[in-house]
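Student: Okay, predicted coordinates and the sequence, questions at the end:
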Amino acid sequence: MGKSLALVVILLSTVISGMSDGLFCMKLGDSKVQRADNGHGQKNCENCDNKKGIDITVLYTDVSGDVRTHTINSRDLSSSWVWENPDDGKHSTEKTEIELPPQKTMSKSENDIRPFFDQRKQTNSITPLKLKRQRLRQRRREKRAAELINMSEESELEIEARAIKRSKQFNSTARGRYSIWRIEYQNPISDSLLKLMKDQIVMAKVYASIAHSMKKIDLYDLLLKHIRETQHAIEDASIDADLQQDALDYAKAMGHTLSVAKDALYDCEVVGRKLRAMIQSAESSINVVKKQSTFMIQNAAKTVPRPLHCLPLYLATDYYLHRYHTEKLSDNSKFSDPSLYHYAIFSDNVLATSVVVNSTAVHAKEPEKHVFHIVTDRLNFAAMRMWFIKHPPSPATIEVQNIDEFKWLNSSYCAVLRQLESARIKEYYFKANHPSSLSTENENLKYRNPKYLSMLNHLRFYMPEVYPKLNKILFLDDDIVVQKDLTPIWSIDMKGMVNGAVETCKESFHRFDTYLNFSSPVISNHFNPQACGWAFGMNIFDLVEWKRRNITGIYHYWQDLNVDRKLWKLGSLPPGLITFYNLTYPLDRRWHVLGLGYDPAINPSEIENAAVIHYNGNYKPWLDLAIIKYKMYWSKFVNYNDPYVQFCSIVQ
């Protein structure tokens with residue numbers, strides 16, 4: 001076409017509804033193309049005065065249906081370039097005018113790269129044939145709409161049933177990748193190669209065992225070689241990205257070797273037997289690891305960390321060195337005043353006890369009416385007193401007592417103390433041949449907790465003996481934090497019950513059969529296995545009703561029956577469930593929220609709204625095992641500015 005610009009214009013005529021007159025006038029470069037109607041069905045193209053001219057190629061069909069082309073230069077056209085249907089007399093005179101939308105001026109470079117197909121798309125999108133198809137589709141839609149409007153109710157139900165059936169059979173699972181080119185359609189599995197290699201190792205071990213038994217040493221050595229290489233490629237990888245770069249090559253080599261091994265060794269029965277043996281071996285190993293893990297967690301939870309061991313040592317040293325044993329903590333007259341609000345805390349943990357006292361006193365509306373009775377052992381008595389001499393919870397009152405000074409608490413009176421001093425219990429806890437206690441298969445390691453050897457854990461069953469002049473007392477564990485004023489709990493009507501506690505049973509969990517041995521007639525004849533358990537940790541005791549019902553005597557009776565630990569394991573909750581059976585008043589759950597020492601999924605709103613939160617479990621807030629998101633509730637009541645705390649490196 002020389003130096004001229006080539007423009008291809010496609011005219012498609014149809015003989016169905018008559019040939020349409022069409023005229024296309026294009027503007028290229030600086031030339032103008034205008035379209036005018038002379039009133040006689042002719043379209044004029046004016047000012048098409050490109051000096052170089054434009055080669056125009058026209059593609060059309062004649063009346064016989066043959067495709068023809070015609071090329072002409074725009075310089076040879078007159079100012080009234082007209083295209084007419086060559087067979088006007090044989091067809092309808094109806095004409096459809098096809099006009100291109102106005103186009104803005106384009107530079108020559110832009111015109112050179114403009115696709116000819118854009119013009120073709122604009123032209124073909126509104127051809128008479130397409131218009132006719134659109135009208136047919138519209139008629140079908142209208143017909144379908146009319147049928148749906150007039151449809152009977154039975155037909156609608158039938159269609160609905162078919163739709164439901166199809167929806168149930170529909171599988172929406174993505175089947176691989178839709179496109180290898182578009183990232184958003186990829187469905188990569190980040191550890192697919194890693195899983196494949198681990199599966200290959202399992203099958204390689206199976207075939208290696210079979211090859212060794214069948215004396216195929218070469219194949220056996222080859223499988224072992226690939227097992228070592230694959231294990232080296234995997235190492236500690238958890239996803240494919242962690243694998244070595246040549247891991248895929250190892251997987252391919254292993255796959256080839258497994259294919260050879262399968263052809264030579266595969267026997268369904270033999271392979272199945274080997275896999276079952278591997279599963280049993282893996283289960284045994286898992287059980288051993290679980291038992292070791294349980295023991296290590298128990299050991300970590302019950303071992304006193306160095307900072308907590310340091311704190312009472314330095315407190316006790318200064319207590320005796322500076323003669324603080326002569327000082328009084330508070331006014332003794334309040335210790336026995338039944339009109340005040342009394343708390344009982346039995347603990348050998350100085351730091352934990354300080355948090356309980358601080359959090360309770362801070363939230364008390366009238367702290368001067370609150371009295372804290374702390375009982376500890378002889379080893380920690382000096383440290384406990386020294387702490388509260390240095391940090392009195394004024395204006396609240398505090399009393400610290402030594403359990404070893406309770407002369408009435410002896411083995412002749414206390415059944416559990418007799419048991420704790422017996423040789424059988426010492427053998428149970430201190431086996432010479434098995435110090436780790438891991439060899440005992442049928443014993444639960446959590447019951448081998450040293451705290452069960454301490455009478456501080458059982459002193460809660462002797463409240464009237466410890467506080468003979470009080471009418472009510474609120475018992476608090478040392479692993480709790482108080483978040484609200486507890487004064488209203490003393491005004492709760494317990495309806496003649498002795499113990500007020502929050503129930504812990506949910507569905508089938510934490511009911512009596514969880515704690516007691518109902519295979520024993522002694523238990524099954526007296527208690528309901530589905531009775532709801534409750535929590536020690538925050539309990540309001542009516543000491544007047546306690547004395548009237550002789551609760552301590554009931555406790556002694558059942559402890560004597562459990563001398564061989566056949567009714568329940570050691571601990572204070574099972575005998576508590578028995579002793580206060582049908583004598584426990586259920587408190588609102590908002591008084592006491594449990595589980596912060598073992599459950600990481602407690603609802604935060606429950607914690608925020610609770611009066612008392614309880615870190616029951618192994619993950620105490622003062623240990624490194626603590627659940628981090630719960631630790632802040634406890635830490636904010638620790639006095640980290642105290643010199644003893646800083647000296648012992650107790651940090652948040």
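Tutor: Looks like it arrived, so ask away.

Student: which stretches of the stretch 151-300 of the chain form helices?
Tutor: If you assign secondary structure with DSSP state H, counting those that start in this stretch, the helices in the stretch 151-300 of the chain sit at 153-169, 192-213, 217-234, 247-265, 268-302.

Student: where in this structure is pLDDT low?
Tutor: Across the chain, the stretches falling below the confidence threshold (pLDDT under 70) are 1-54, 57-70, 72, 74-125, 168-190, 426-452, 507-509.

Student: what ranges do the strands span in the stretch 301-450 of the chain?
Tutor: Along the stretch 301-450 of the chain, the stretches classed as strands by DSSP state E, counting those that start in this stretch are 341-346, 370-376, 397-402.

Student: what does the stretch 451-600 of the chain give?
Tutor: With DSSP E, counting those that start in this stretch as the criterion, the stretch 451-600 of the chain has strands at 472-476, 480-482, 499-501, 538-542, 584-586, 592-593.

Student: coming back round to it: could you dump the helices of the stretch 151-300 of the chain into a markdown table with distance to Asn410 and mean neighbour count added?
Tutor: Quick note: C-beta positions are derived from backbone N, CA and C, even for glycine. Putting the helices of the stretch 151-300 of the chain into a markdown table (distance: least, CB to CB, whole Å; neighbours: other CB atoms under 10 Å) gives the following:
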| stretch | distance to Asn410 | mean neighbour count |
| --- | --- | --- |
| helix 153-169 | 74 | 10 |
| helix 192-213 | 62 | 18 |
| helix 217-234 | 63 | 16 |
| helix 247-265 | 70 | 16 |
| helix 268-302 | 27 | 12 |
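
Student: what would these look like in TSV with distance to Ser339?
Tutor: Below are the helices of the stretch 151-300 of the chain laid out as TSV (distance: least, CB to CB, whole Å):
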stretch	distance to Ser339
helix 153-169	70
helix 192-213	70
helix 217-234	71
helix 247-265	77
helix 268-302	40
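
Student: Met538 is nearest to which of those helices?
Tutor: Ranking the helices of the stretch 151-300 of the chain by proximity to Met538 (CB to CB) places helix 268-302 first, at 21.2 Å.

Student: can you give me the angle that closest one makes with helix 247-265?
Tutor: Direction vectors for helix 268-302 and helix 247-265, defined by axes from the mean of the first three to the mean of the last three CA atoms, to 10 degrees, enclose an angle of 130 degrees.

Student: ok, Asp477 - contacts?
Tutor: Contact criterion CB atoms under 8 Å, 6 or more residues apart in numbering gives Ile345, Ser347, Val356, Phe536, Gly537, Met538, His614, Asn616 as the residues in contact with Asp477.

Student: re earlier: nearest to Ile297, of the strands of the stretch 451-600 of the chain?
Tutor: When these are compared for distance to Ile297 using CB to CB, the nearest one is strand 480-482, at 21.4 Å.

Student: what lines up beside that closest one in the sheet?
Tutor: Sheet neighbours of strand 480-482, with direction, are listed as strand 612-614 (antiparallel) (DSSP bridges).

Student: what distance separates the strand it pairs with from the middle of the whole chain?
Tutor: Put simply, strand 612-614 sits 23 Å off its chain's centre (CA atoms, centre = their mean, to the nearest Å).

Student: just to revisit the earlier point, can you redo the strands of the stretch 451-600 of the chain as TSV with distance to Met455?
Tutor: Converted to TSV, the strands of the stretch 451-600 of the chain look like this (distance: least, CB to CB, whole Å):
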stretch	distance to Met455
strand 472-476	15
strand 480-482	21
strand 499-501	20
strand 538-542	18
strand 584-586	23
strand 592-593	24
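
Student: related to what we said a few turns ago, looking at the contacts of Asp477, which one is closest to His226?
Tutor: Sorting the contacts of Asp477 by distance to His226 puts Asn616 at the head of the list, at 50.8 Å, by CB to CB.

Student: That closest one - that's part of a strand, no?
Tutor: No: using DSSP: H, G, I helix; E, B strand; the rest coil, the assignment for Asn616 is coil, not a strand.

Student: Backbone dihedrals for it, please?
Tutor: Its backbone dihedrals place Asn616 at phi -70, psi 140, with angles given as degrees, to the nearest 10.

Student: Am I right that it is in contact with Gly537?
Tutor: Yes: taking CB atoms under 8 Å as the contact criterion, Asn616 and Gly537 are neighbours in contact, 6.3 Å apart.

Student: Need the residues touching each of the two.
Tutor: Counting by CB under 8 Å, 6+ apart, the common neighbours of Asn616 and Gly537 are Asp477, Asp479, Leu594.

Student: wait, what's in contact with Asn616?
Tutor: Asn616 is in contact with Asp477, Asp479, Ala535, Gly537, Leu594, Gly595, Leu596, Gly597, Tyr598, counting by CB under 8 Å, 6+ apart.

Student: Quick check: the third one vs Leu243, distance?
Tutor: Here the criterion is CB to CB, to the nearest Å. By it, Ala535 lies 49 Å from Leu243.

Student: Minimum distance to His391: which of the strands of the stretch 301-450 of the chain has it?
Tutor: When the strands of the stretch 301-450 of the chain are compared by CB to CB, strand 397-402 sits nearest His391, at 9.7 Å.

Student: and the closest one with strand 370-376, angle?
Tutor: Using the same axes, to 10 degrees: strand 397-402 against strand 370-376 is 10 degrees.

Student: Next, the angle from strand 397-402 to strand 341-346.
Tutor: Computed by the same axes, to 10 degrees, the angle between strand 397-402 and strand 341-346 is 30 degrees.

Student: Who does strand 397-402 pair with, and is each partner parallel or antiparallel?
Tutor: strand 370-376 (parallel).

Student: State the phi and psi torsions of the residue lying closest to Pro621 once chain neighbours are set aside.
Tutor: Nearest in space to Pro621, with sequence neighbours left out and distances taken as CB to CB, 6 or more residues apart in numbering, is Trp634 at 3.7 Å. Dihedral angles of Trp634 (phi, psi; degrees, to the nearest 10) stand at phi -90, psi -40.
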